[in-house]
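A.B. asks: Predicted model follows, preceded by the sequence.
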Amino acid sequence: MLKRVFLLLIVFLSLISGLPAIILILLPEEYSSHNYYLGASFGTLYGNARGIDYRNADSDTVEGEQLWNLSLPYIGVDMRYIWQDQALTWGFFMDTTAKFGFKSSVDNMETRGWYNPANANILTDFTSHNSEVTRARLLDINAGLSFNIYDTVFLKPFISYSYMNFSWTARGGSGFFTDPPFIGTIPDSTEFANYRQTWNILSLGLAIRNETRHLDVELGVKLSPFVWASTETNLFSPMENIRQTTDSFVAFYAEPNLILTVKNTHFYRLSLSISRRSIVGLRGDQEMTTNGVRETFRNSGGAAFSAIDMSLIFHAIGVGALRTDGSTP
């Protein structure tokens, strides 16, 4: 039920954010200017994802975790629409960015466990493995207003929807664990685990932008407690196979970002974008299937994500009016 409400809310906000663009396009050209951009990007995500098992529903003590490192190059497509009134006092913008990661096999995955019932500080399990990212897809949609607050400085409140989907596979490695008892190495060809994280995020954002003829500087942040996440873990061993799934709507998302844009001509621009995506506090019911036997553990599963996103974006201006000084909103 909550998942359905969340998806309906996404659709509703998408329709609402698109209405101003439809209305503004219908305004006569003498009252406004329209700018359309199409861009291509190349960048890197560097960080990690965590799968978390808590000792019980009422405890914040971590009993087990998986740490999946991420060092991922990607390519992307950026589409943007900007409307600006002729007095340059306010405007509307809407942009969509899609990113697609390349497969990466240079990462590392680790598991840790603290399963001693008498002392939760004793590390009882540890393994380290080679891992690869088998899938990475990201989508960001932003829509908002811009207000000229001083000279060339603009304030930009906006709403945002973000989607992130990652999958990893871990093979080989070495380590030890107590149940079932094991210490040693695992052949490189043997699959140890795979992991999937899917995030849907509705957030509010605020940015401040300073525009000059050849350089724009924008500093912003997105914040949200409206996060729906779904995770799935599959662990393989000679003794047992374990599948864990967690769905949750409780988490906190923060993304500060800096964008530097160089405009050498009227029709092309190059941007450097640096942001940090961070999600903490996700926790929900966990369903575990061990050798075909299914159990549900209330509020004992969790996940987290943290990564620095750096990209270069090349934009070409499509149809639209330019300002008289050659700059763009």
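C.D. replies: Alright, I've got the coordinates. No experiment lies behind these values; they were computed from the predicted model shown.
A.B. asks: My guess is G91 contacts L155. True?
C.D. replies: No: here G91 does not reach L155: they are 11.2 Å apart, not a contact under C-beta atoms under 8 Å. In short, each C-beta sits where N, CA and C put it, glycine included.
A.B. asks: low-confidence ranges in this protein?
C.D. replies: Under the criterion of pLDDT under 70, the regions of the chain flagged as low confidence span 1-33, 105-106, 237-240, 265-266, 317-329.
A.B. asks: Now the lengthiest strand in it: buried residues?
C.D. replies: Selection of the longest strand in the chain by residue count, based on DSSP state E, yields strand 181-211. Of the residues in strand 181-211, those buried by neighbour count under the rule 16 or more other C-beta atoms under 10 Å are 186, 192-203, 205, 207, 209, 211.
A.B. asks: Could you check which of G91 and L155 is surrounded by more residues?
C.D. replies: Relative neighbour count places G91 above the other of G91 and L155, with 21 against 15, counting by other C-beta atoms under 10 Å.
A.B. asks: where's I122, which helix or strand?
C.D. replies: Taking DSSP states H and E as the criterion, no element holds I122; it sits outside all helices and strands.
A.B. asks: For it, give its distance to I183.
C.D. replies: 16 Å (C-beta to C-beta, to the nearest Å).
A.B. asks: Against W168, how distant is G51?
C.D. replies: As defined by C-beta to C-beta, G51 lies at a distance of 10 Å from W168.
A.B. asks: which neighbours do those two share?
C.D. replies: Taking C-beta atoms under 8 Å, 6 or more residues apart in numbering as the criterion, G51 and W168 both touch 68, 195.
A.B. asks: for the residue most central in space within the chain, what are its contacts?
C.D. replies: The chain has M164 as the residue nearest its centroid, 4.7 Å off, counting by C-alpha atoms, centre = their mean. Contacts were defined as C-beta under 8 Å, 6+ apart; by that measure M164 touches 137-139, 197-199, 201, 277, 305.
A.B. asks: Just give the strands next to the helix or strand that it is a member of in its sheet, each with its orientation.
C.D. replies: In this structure, M164 sits in strand 153-178 according to DSSP H and E. In its sheet, strand 153-178 lies beside strand 125-150 (antiparallel), strand 181-211 (antiparallel), with partners assigned from DSSP bridges.
A.B. asks: any chance of those in CSV, plus distance to S224?
C.D. replies: Listed next are these as CSV, based on distance: least, C-beta to C-beta, whole Å:
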stretch, distance to S224
strand 125-150, 13
strand 181-211, 3
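A.B. asks: Determine which of these approaches V293 most closely.
C.D. replies: strand 181-211 (19.0 Å; C-beta to C-beta).
A.B. asks: what element comes up after that closest one heading to the C-terminus?
C.D. replies: strand 215-236.
A.B. asks: If you count neighbours, what's buried in that next one?
C.D. replies: Using 16+ other C-beta under 10 Å, the residues of strand 215-236 that count as buried are 216, 218, 220-222, 224, 226-236.
A.B. asks: from the chain's centre, how far out does that strand sit?
C.D. replies: Its chain's C-alpha centre and that of strand 215-236 lie 4 Å apart, by C-alpha atoms, centre = their mean, to the nearest Å.
A.B. asks: which residues does D53 bridge with?
C.D. replies: Applying DSSP bridges to D53 yields these beta-bridge partners: G64, G301.
A.B. asks: residue contacts, it?
C.D. replies: 62-65, 244, 286, 300-302.
A.B. asks: Turn these into TSV, including distance to W83.
C.D. replies: Compiled in TSV, the contacts of D53 are given as follows (distance: C-beta to C-beta, whole Å):
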residue	distance to W83
V62	48
E63	53
G64	51
E65	47
Q244	47
Q286	46
S300	49
G301	44
G302	42
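A.B. asks: And the contacts of stretch 294-308?
C.D. replies: The list of residues contacting stretch 294-308 from outside it, by C-beta under 8 Å, 6+ apart, reads 45-58, 70, 164, 197, 199, 229, 231, 244-246, 248, 274-289.
A.B. asks: Now the buried members of those residues.
C.D. replies: The buried subset of the contacts of stretch 294-308 (16+ other C-beta under 10 Å) comprises 45, 47-55, 70, 164, 197, 199, 229, 231, 244-246, 248, 275-279, 282-284, 286, 288.
A.B. asks: burial count for H129?
C.D. replies: Each residue near H129 was counted by other C-beta under 10 Å, and the total is 24.
A.B. asks: do you know how far it is from F166?
C.D. replies: Between H129 and F166 the distance, using C-beta to C-beta, works out to 16 Å.
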